[in-house]
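*Asks:* Sequence first, predicted coordinates after that:
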Amino acid sequence: MFNITTVLTPEIALAVLSLSLLAIGLLIPAGARKGMMPLTVFSLMGVLGYTLYDFFYGPEAAFLGGLYMHDQFAVYFKILFLAAALLVVLSSGGYVQKLPKHRGEFYSLLLMATLGMMLMAGAGELITMYVGLELMTISFYILVAYLAEDARSSEAGVKYLILGATSSAILLYGISLIYGLTGSTELLEIASKLSGNLTPASLLATVFILAGLGFKISLVPFHLWSPDIYEGAPTPVTAFLAIASKAAAFAVLIRVYLLTMNSQTFSATGQTLLFVLAAITMIVGNLIAIPQTNIKRLLAFSSIAQAGYLMVGIIAGGISGIKGVIFYAMIYVFANMGAFAVATLVAEKQGSSEIKDLSGFWHRSPLATVVMTASLLSLAGIPPLAGFVGKFYLFSAAMDQGNVAIAYIGFVMSMISVYYYLSVVKVMFLAEGDGLPEVPVHGAMKFTMVFTMLITIAIGLYPTPLAKMAIAAAQSLF
Amino acid sequence: MFKEMHDLFQWAWLIPFLPFLSFLIIAFVTKRSKRLSSTISILAILSSLSLAVAIGLGVIQSGEKIVEHPAIVNVNWLNIVGLQIDFGTIVDPLSAMMLFVVTLVASMVQIYSLGYMHGDEGFSRYYAYQSLFASSMLGMVLATNLLQLFIFWELVGLCSYLLIGFWFFKVSAREAAKKAFITTRVGDFGLLLGMLFLYVKFGTLDFVALSVAMNTNIQDVAVIGTAGYVTVMAFLVFMGPVGKSGQFPLHVWLPDAMEGPTPVSALIHAATMVVAGVYLVARMFFLFDHADPMALQFIAGLGAFTAIFAASIAIAQDDIKRILAYSTLSQLGYMMFALGVGSLTASMFHLMTHAFFKALMFLGAGSVIYAMHHKQDIWEMGGLWKKMPITGTTFFIGVLAISGVPPFAGFWSKDEILAHALHNGHPIIYGVGLFTAFLTAFYMSRLFFVVFMGPEKKENHPHESPWSMTIPLMILAFFSVFGGFVALPEHNFASYIHYGTFHHEPIAWGLAGISVVAGLLGIGLAYATYIKKAISAEKVAAQYSGIYKLLKNKYYVDELYLWLIHHIMDGLAKILYWFDIYIVDGVVNGLALITRGSGRVLRRTNTGQLQTYAMVFFFAVVIIFMVFAFGEGQLSALNPLATLGGVK
Amino acid sequence: MTALPTVSSMSMLLPFTLLAPLAAMLLIVFLPKEETKTIKIIAAMGMLVSLVLSLYAFLNYQWEPGGMQYTLTIPWVPDLGVNLALGVDGLSLPMLLLTNLIGFASIYASWNIDKRVKEFFVLLLILIAGVMGTFIARDLFIFFLFYEIVVIPIYIMVIIWGSTKRVTKEYAAMKLTIYLLIGSAFLLVGMVALYLAAGANGNPTFMFDQLSARQDLYSPAFQKVAFALMIVGFGSLISMFPFHSWSPDGYAGAPTAVSMIHAGVLKKIGGYGLIRLGIYVLPVGASFWAPYIATLAVISVLYAAFIALAQKDLKYVVGYSSVSHMGYVIIAVAALNPTAATGAVGMMFAHGVMAALFFSMIGFIYEKTHTRNIADLGGLAHQMPRLAIGFMIAGMASLGLPGTVNFITEFTIFMGVINVLPVHAILGIAGIIFTAVYILRTIANVLFGPRRAEWDHLTDIRGPELVPLVIFGFVIFFAGIFPNVLLGMIDSGVTSSGLAKVLETVSQAKIGGLF
Amino acid sequence: MIGNFSVGLSTYLLVGAMLFCIGLYGVFAKRNIIAVLMSIELMLNAVNINFIAFNRFIWNEKIGVNYLLTGHVAALFVIVVAAAEVAVGLALIITIYRNRQSTDVDDLNWLKW
């Protein structure tokens, strides 16, 4: 038998930490707030360390009557969120310094969002899931609109708020229907009750929930919000949004899909429809990314495409599919983080995020250039970078289910994506970028860049350890 | 005694190797020093000559045996699944004769070049090429199998290319070299195919093995396929000689090849390389023999045609070297049709004699040109006899020899060819040959009279060439005079070099008389026209201006080819290039364009209006629901309330 | 079944060969970018080590047992069944040697680079190492990994050091990259399908030999589809009509070293893959597609030869000629018999050496005269005799002159093809005529003709610039005069790798013959 | 059951659905952001009605137990979350008003394409 507090330590720690940061931010004078970043970093590291330990040695438990799961799957995602948060905090130091006000709250909100994500990953029950989701989203509403003076930022905030709220309303409506049908909100129970018969109501509920989560993972056609929000939001926030919130939504989606949707007898149409959605997501995301001129917007569309790849894994299902998804989700963190770190750097030093602002980056900051290149190529799935292995897992899983078409689209699309990734690389290497300032990289930012790149390369060259973790996590679901 | 001879024959590989060595030495070591280079090269070729003579004598001594059992040395060269090739040397009368001729002429030419090429800045390069040529030519002669022969065959082609284009700054030389290479390549295409088919059918390219295989399997349809197959192979193989020995459709390169230095023309384009085709046919004679008779018929016909065709052109040419070139073509035609009428002996005999007197005349022409400071138009010359007695005399010997005047070398060989033509039942060929003999005598003596007789021209101040040039002339002249005597019964050339059962052809004095008369007639006509002016060449030309134009322009063959190349080949090339850029590549670029374009279009869906987003979102939900619901009509009655009520 | 780690006395030879350039690369990374001389020397040293090692491997290879030697097998990604399996046999060893020859020479061919030297050599070494890896990989996954590593450095090198002629270098680079990547997407699908099919009985593997040992798992239908995917992938890599249009533009845009490596070895990965993977693993599919491939191949031979006639830019001539020559390799692959296969690999080697020499010479010409337009050149043999010699050698090799290795390999190919696909063979052989035409025209117009005053200031190639000429000239003639050294090796590879056996079984099913 | 006017589960659900649709319509149609926000509230309340109704009619009536309150709890959570959302929302609307002197949804189109 185990004791709840040991299992919930990360969540509790995070809650305490974020609240105390809030308090500290209020108490200590503005001058002394430099210390908050290191504080956040080290405490996050501690939590991350504990979670890692938890992953390998922690107990397997579902408690509060199945309300809250503590399986390796959940812990895997917690690790992911914490890592993402850590990297974002590290890379955002300089950026936050430039913020006009509310520097203290920034970190605490970030941690709040993280906490929400962890709840989502652990939720074994729809209301809990919803609460976690809202905790994450609401924190993000604020973070997105953090640059109060910047009209674009606040516009993004409002848009996100309205659309997010609408989507969660729809999600909730679906949940309520499910509750009505099964009299429960616990996934396992729902699964057992729903199994087999497909009534209009359950179908409606399913679709609503799918849509609600699809919104968060920006699955086409629920994706329209994400480019605008990504573009408007402060770059570190965009990074966190793109990486972690998406991963959290996926964590939920996997659970829900496996337990409820999978348990009903979808017709072939249903399956194909999901495949079509995934395919459209990959295609649209990559195609629209091509003409983009803003790096954040480009990454937004690319991350839409990435969601499509991940969907392929989910639909393929089975341990191999899920393994692929969560493996990819993890490497996606590092790949994207590298790119966003550079974007943050540019935003911090040049106050803008147009691709043309990257001109001559090779001269101005070789390290950043290399990191950016590596990250983008990893996103494109070029070996020996991690992205290749990830895509390989996903698509081979899909092909194993006999879905050659989707895998084929995936491969071709990821090769096409190389086109716009390379056009960024081209600007960095080729253009002279006269008159643009030097962008020295050091401290936390440098660490972030080097670290992400090393991880990306390392996993690409030797994916076994992460693959093992992913398999363990995936197995804990079945 | 054949034994120790055989030991001697084993060293035959040295003959090509020494010149090759000198090539390497010149190319990598001594190219700076002209004197050293030329010395090395000449020494090499002279030692090859002596070796060749030794081997020749050895062959003569070992007599019949070696005719039946050539002395062959083979080493494995390539050995993989489905392809085993040896390299080696074959010594038999045929190769021995060729070795002697080649080494002799080559050494003469190299000595001659000391004078002729004196002061040229490419002197060492010239000798390097000469050595390379000598070695590859000799290697070809010694080849034991078709592939080996083909390899050296191509190498002599390369040397010819390099030497024709020796003065590469001359655009004409450059073009001529290119033309020579490409034209012969067309022939080689056929030869290559023939080789491949031969190997496929018989599993070997070795001459001896091939002839054995053919003799044994000739009836065996399973192995050979139909006789037609062998005939096809024969024709394919023959394409090579057509290119190399300038037979009719592919003859165009040889006259242009005269752009090279004159000694080169003497060596390569008169005496040795151009007869390689003849040599090949002789080597592969069993193939043509086993093929359908029409193959040999064809060869005879083509040879005869080439002979008269080229001779007729030669009449109307003004450039001294071109006249000689066309005469070479015509003589090659002679050799070909000699083979065609089935007389290997006669053909080889003529090959030898022709090598002597044609080399002689070319070198003579060279010394004239040298004296005339590189003027080549015969009408700008005249009365050179007095100024250049040695050149004149030797040249005259050459003319007599080629005109078939006894007792000069040409008489014997040409007579033997004509005799065979008649005896083996080719009267037409014989007639053509006879008429060609007449034409030959005519244009050759025309050349001689115009250049050496007649009034001197004031503007040029000729003088006899240095010894280095005249001595080779004299030596060659000697052979042109006495070279023919080997045909006499006591020397009995034919008993060594022949195909099938050897039967000696006594010299038919009657026929000989006729051809001699033809030759003398030709000379006489030329004398009457150009010395006595009894007949006015201008009038004749004016009278038959059409024919004259035709002959002067070489029947417009070059023009035709040029038109084909420039309009058909290059035109096709341009069309295909267009196709490649705008169709093949166009598709690629088109796809890229579509991709980018669709991106541009699709991005418009992000209108920035959040209410639009919301609507899209919700209606997407509805549509998805509909698709799910009605996808396969799995929900017939859609009455949510009722079904929800169901739980009541 | 992940192969058990094999312990062979020489098993570390190949890793070192592979790592030598990378080690040099790392050294260079930590050098200050001003030390251009040192950088170049280190790069050369690295390649020299690797060249010597591969030469040793070549000479020390035991033909008698044949098969994979110097093998090294380390389980890499167990759950996928990926092994880091290295090893060479008669098929891959020539290609390895070729890679190192060209790699080494390419360093010297780019000796005069003065723009961003450090980056150039770093990328170049990565490129070389990547190509090398594809040839020594015994595991499909690793093979593919190395292949894709190569693509990106090329892109960067072309956009930075490339040259803009008919098309901009950015366009050329992007075309090159995307084209090959999309081709590789087809390949990936085929590869995964193959992997899944082979792993059907539980233990997944990527090892070539095991993939081919599991023939019975691949249904004929599957083989046809999979092989079709391979054709598109490898076909576009080896620039088979109609997938060739990247290659002339790409070469024209690329800097000399890249053109050398790309035309010299990278392209050959396509042919190598078709043999190693296509025929060896999917014989039935191969025999089904062979006639169509052969036809396409013949089209590429003649079509490209004709287009080369119409070119005005030196690099385009060679670019199209390489398309044309690759056609021979593809015909040989399609012939599906040991002789042709031997010829194919031999031809790849021969063409690699020739193309590399050609491109290096063109590179020097461009470097000195700043033009590649044939019309503007002429009479260069006056000012640059040594360069002219190199150019001549390349040209003569390209038109298959006996004595050069290209002749005997072409001949072997024809020999293998002629009795299987006579018509194709005849048409293909007809190509040698047109090859002669465009090569000789080019030589004549570039090297010969009247002396031109405007080139009088040019200096002939000397010092390091001579290295490519010396190396390639030597190889061309040595291997041409003693063909057993090369072809015997390949032959042993064909027989010992089991390829011959596979072909034996395939050739029972007669394909598109005439007789 | 036409003509049966007894107030049952379906009635509540119907009300809920209507409310939801009205809210949705508001989100689509209203020009003022605040109004849009209020429409969202409507949707959330519709959800609440569903929860309560289900809880009431399924458990307390069908099975006749009174202590399973999942629906109620859910509703409470939703209310709380909604409140938070509104709070943040209004704050954001204020900032956007500060920046643009407008609360018209159509003006929020700087970020597009």
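*Replies:* All right, it came through fine.
*Asks:* Quick one: check stretch B:200-210 for contact with chain C.
*Replies:* Yes. Counting by C-beta under 8 Å from any C-beta of the partner chain, chain C has neighbours in stretch B:200-210: B:Val200. (Each C-beta comes from the backbone N, C-alpha and C, glycine too.)
*Asks:* Quick check: next helix or strand after the host helix or strand of B:Ile55?
*Replies:* B:Ile55 is part of helix B:34-68 when elements are defined by DSSP states H and E. Counting by DSSP H and E, the element after helix B:34-68 in chain order, helix or strand, is strand B:71-80.
*Asks:* which residues are in contact with that following strand?
*Replies:* B:5-6, B:9-10, B:12-13, B:84-92, B:144, B:148, B:206, B:208, C:339, C:342, C:408, C:412, C:483-484, C:487-488, C:490-491 (C-beta atoms under 8 Å, 6 or more residues apart in numbering or on different chains).
*Asks:* ok, now stretch C:194-201?
*Replies:* Outside stretch C:194-201, the residues within contact range by C-beta under 8 Å, 6+ apart are A:396, A:399-400, C:81, C:140, C:204-206, C:210-211, C:214, C:217-218, C:222, C:226, C:281-282.
*Asks:* Only the buried residues of the helix holding B:Ile55, if you could.
*Replies:* By neighbour count with 16 or more other C-beta atoms under 10 Å in any protein chain shown, helix B:34-68 contains the buried residues B:34, B:36-38, B:40-42, B:44-49, B:51-52, B:54-56, B:58-59, B:62, B:66-67.
*Asks:* what do you get for stretch D:49-59?
*Replies:* Neighbour counts over stretch D:49-59 (16+ other C-beta under 10 Å) mark D:49-55, D:57-59 as buried.
*Asks:* tell me the least confident of the residues you listed?
*Replies:* Within those, the minimum per-residue pLDDT falls on D:Trp59 (67).
*Asks:* any low-confidence regions in chain D?
*Replies:* For chain D, the stretches with pLDDT under 70 are D:1-6, D:59-64, D:66-67.
*Asks:* Most proximal residue of it with respect to chain B?
*Replies:* D:Lys112 (2.8 Å; C-beta to the nearest C-beta).
*Asks:* And that residue, its phi and psi?
*Replies:* With angles defined as degrees, to the nearest 10, D:Lys112 sits at phi -160, psi 170.
*Asks:* That one: what's it in contact with?
*Replies:* Shown in contact with D:Lys112 (C-beta under 8 Å, 6+ apart): A:228, B:606-609.
*Asks:* Which ones among these map onto helices?
*Replies:* A:Asp228 (DSSP state H).
*Asks:* Just the buried ones from the contacts of strand B:71-80?
*Replies:* Buried members of these, counted by 16+ other C-beta under 10 Å: B:5-6, B:9, B:12-13, B:85-92, B:144, B:148, B:206, B:208, C:339, C:342, C:408, C:412, C:483-484, C:487-488, C:490-491.
*Asks:* So stretch C:470-488, near chain B or not?
*Replies:* Yes. Interface with chain B: stretch C:470-488 contributes C:483-484, C:487-488 (C-beta under 8 Å from any C-beta).
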